[in-house]
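In: Sequence and computational prediction follow.
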Amino acid sequence: MSEIKVVANILHTNEEITSQNKRLLNDKGIYVINMMSSPGSGKTSLLEKIISKLKDRIKIAVIEGDLYTTKDAERIEAQGVPVVQINTGGACHLDGKMIKGALDSLNLDNVDLLVIENVGNLVCPAAFELGEDIKITVLSTTEGNDKPLKYPRMFENSGAIILNKMDLLELTNFDKAEFYKDINSLNALATIFETSCLKDQDQGIDELCSWLSQQVNINSQFNKACI
Amino acid sequence: MHEVSIIQSVIEIVTKQALENNLIKINNVSLRISELSGVMPESLEFAFDSCIKGTMLEESTLNIEIVSALGECKNCNLEFPIEHFNKLCPSCNKFCTNIIRGYELYINTIEGD
């Protein structure tokens, strides 16, 4: 019997494809968001709001991850921006290879901001890089304030965290002070937004959109400086 | 259940290494899993037992070593062990923004005939 020293990164294949994605997206000057959360936290509703407020100023495209349906992609399409659907066929996360395929279907010369809406799941998507500039995690008040402690990695790796469904806060036992304390211990640098996507009375969406357009502008200025 | 994807990747890498080293059968696979990776050893073992059927790894055992996470303080350059919920530098109490080690998933060694 012989022992062989391998020392190989198990996720090497994904990371290789991811760096190719990243190079391509950087070359095109596109700011890329990997948006993650548990199912039903309001990612698609937030996206609808963001798109309707920003689409006249920023060229947006969306990649929608979903196990089986095209429901979310149809909602995004109705907003009038390009959208590509990835059906994972039961897989619990998106990976670099799926994104590579989706990028082939987009006209990247006409995109400033690409939002990848990951499969709803607080665990697995956190382990797979897609070639994004930032991970944004959405948590809704109805899920409870204990989630960052129970699913630390996603919150730990996110540049921004959106606390959604603020309109329902009073109806839940969500403890905001505990939430901020936990996020601070996990990821003191994350930018935090509080939002609600109510039809006629949204909340925090303007702040979120102005921060997002700032990120897109910084990215585009940085890219111009590099050329 | 991304542990299945991870194990499928392990089987691919191990099979390639085994063929390159003229092994016909794998007896043991040793992984090094970092503490913050969020991967559960029990789930890996479960996925391993299911996925190795019909492969060169069919009769092999899985060995998992957990590696602790390490941060570096950008303020005072101290390297220190970190946890999900404690990343404060023990010397200057600043929040650690530089995680040196903590998310890695590695195949360390394989044994075979």
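Out: Yep, it's here.
In: my read is residue B:19 is in a strand, agree?
Out: No - counting by DSSP: H, G, I helix; E, B strand; the rest coil, residue B:19 is not part of a strand but helix.
In: and it, how many neighbours does it have?
Out: 11 (other CB atoms under 10 Å in any protein chain shown). Every C-beta, even on glycine, is put in place using the N, C-alpha and C of the backbone.
In: what about it, distance to chain A?
Out: 12 Å (CB to the nearest CB, to the nearest Å).
In: OK, contacts around that residue?
Out: Listed by CB atoms under 8 Å, 6 or more residues apart in numbering or on different chains, residue B:19 has no contact partners.
In: Please name the bridge partners of the spatially most central residue of chain B.
Out: Geometric centre of chain B, nearest residue: residue B:33, 2.4 Å, by CA atoms, centre = their mean. Under DSSP bridges, the beta-bridge partners of residue B:33 are residue B:66, residue B:105.
In: mind listing what residue 32 touches?
Out: Going with chain A. A:25, A:113-116, A:130-134.
In: Actually, chain B is the one I wanted.
Out: B:65, B:67, B:104-108.
In: Neighbours of residue A:214, how many?
Out: 10.
In: where do the helices sit along chain B?
Out: For chain B, the helices defined by DSSP state H cover B:3-20, B:41-51.
In: need the contact list for the residue lying farthest from the centre of chain B.
Out: For chain B, the residue at maximal distance from the C-alpha centroid (CA atoms, centre = their mean) is residue B:92, at 30.8 Å. Neighbouring residues of residue B:92 by CB under 8 Å, 6+ apart: B:73, B:75-76, B:78.
In: buried set for the helix or strand of chain B with the lowest mean pLDDT?
Out: Each helix and strand of chain B was given a mean pLDDT (mean pLDDT, DSSP states H and E); the minimum falls on strand B:98-101 at a mean of 92. Neighbour counts over strand B:98-101 (16 or more other CB atoms under 10 Å in any protein chain shown) mark B:99, B:101 as buried.
In: Given it, what are its sheet partners and their directions?
Out: Here, using DSSP bridges, strand B:98-101 pairs with strand B:70-72 (antiparallel).
In: residues from chain B in reach of chain A?
Out: Residues of chain B lying near chain A by CB under 8 Å from any CB of the partner chain: B:1-2, B:5-6, B:9-10, B:12-14, B:17, B:21, B:23, B:27, B:31, B:36-39, B:84-87, B:95, B:97, B:103-113.
In: Of these, select the buried ones using a PyMOL command.
Out: With 16+ other CB under 10 Å as the criterion, this PyMOL line picks the buried residues out of the residues of chain B next to chain A:
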select buried, chain B and resi 2+5+6+9+10+13+14+17+23+27+31+36+37+38+39+84+87+95+103+104+105+106+107+108+109+110+111+112
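In: show me where pLDDT drops low in the chain?
Out: Since no chain was named, I'll use chain A. When residues are selected by pLDDT under 70, those of chain A lie in A:227.
In: Chain B, not that one
Out: Those would be B:1, if you go by pLDDT under 70 across chain B.
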